[in-house]
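Q: return atomic coordinates for the entry below.
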Amino acid sequence: MTMSALFAELADIFAADVAFERHARAALKSAAHQQMSGQTSWDSATIGHPASLPDALVSVMTAPDAHPVCRHLLQLQLDWSPPTTSNDPLFINHNQHTVHIELLGPRGLVYADHVRIGLYGMISDAACRIHTHPAEEIYIMLAGSVWWKRGDDDFRQHNPGSRSHHPSMMLHANRTEERAFMSIYAWQGDISTDDYVYDGLPL
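A: Below you'll find the model as predicted:
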């Protein structure tokens, strides 16, 4: 699978008829078109040094209930690594059990200054604790199972196809139990990470 085909396939995942998802869908389709028309290109040098995914993530991404795009992701040499959203030592420590790649954004495979879209996964029995940021955010689950907490609500389980939407500055957190999970996310609005706050409060 080419990266342009991947971007086009990922665009279709943002299928809800709401402004946020229309915005993310259009950004991904534009990036796919840029690559197809030769305005941008990806190869092993621009994608980075491929890193293997943990077995727990490969297992859920090849499970029968996983979104078909997961098998295509496993065919690509992507540079999976923990997110670098914050320099907070607690954030860095707690995110050693996660994998991430920014596809579209200020640090993405394709540059964009108005949106961040990427992939984010977590192994089983792990957690990313309470945090906030100015950007509006949505996660769409691609594989496995994850529990999301939004604001003062209790944790709610999410499986492939479900969404967790976080308005600007909403407290949120996520954790896994027996299964790992993989997702695609999008940020819009103030996508700077300057005011990202990781409280790290126990769950």
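
Q: show me what the longest helix seen in the chain is packed against.
A: Identified as the longest helix of the chain according to DSSP state H is helix 19-36. Under the contact criterion of 3 or more C-beta pairs under 8 Å, 6 or more residues apart in numbering; DSSP states H and E, helix 19-36 touches helix 3-11, strand 98-105, strand 110-111, strand 116-122, strand 136-144, strand 181-188. The C-beta positions use only the backbone N, C-alpha and C, and glycine is treated the same way.

Q: hmm, 6 Å instead?
A: Helices and strands touching helix 19-36, by 3 or more C-beta pairs under 6 Å, 6 or more residues apart in numbering; DSSP states H and E, are helix 3-11.

Q: restrict the helix it packs on to CA atoms and write it as CSV.
A: What follows is helix 3-11, C-alpha atoms only, in CSV (Å, rounded to 0.1, in the frame of the first residue of the first chain):
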residue,chain,number,x,y,z
MET,A,3,1.0,6.3,1.6
SER,A,4,-1.4,8.2,-0.6
ALA,A,5,-3.7,5.2,-0.6
LEU,A,6,-3.4,5.0,3.2
PHE,A,7,-4.3,8.7,3.6
ALA,A,8,-7.3,8.2,1.4
GLU,A,9,-8.4,5.1,3.4
LEU,A,10,-7.9,6.9,6.7
ALA,A,11,-10.0,9.9,5.4
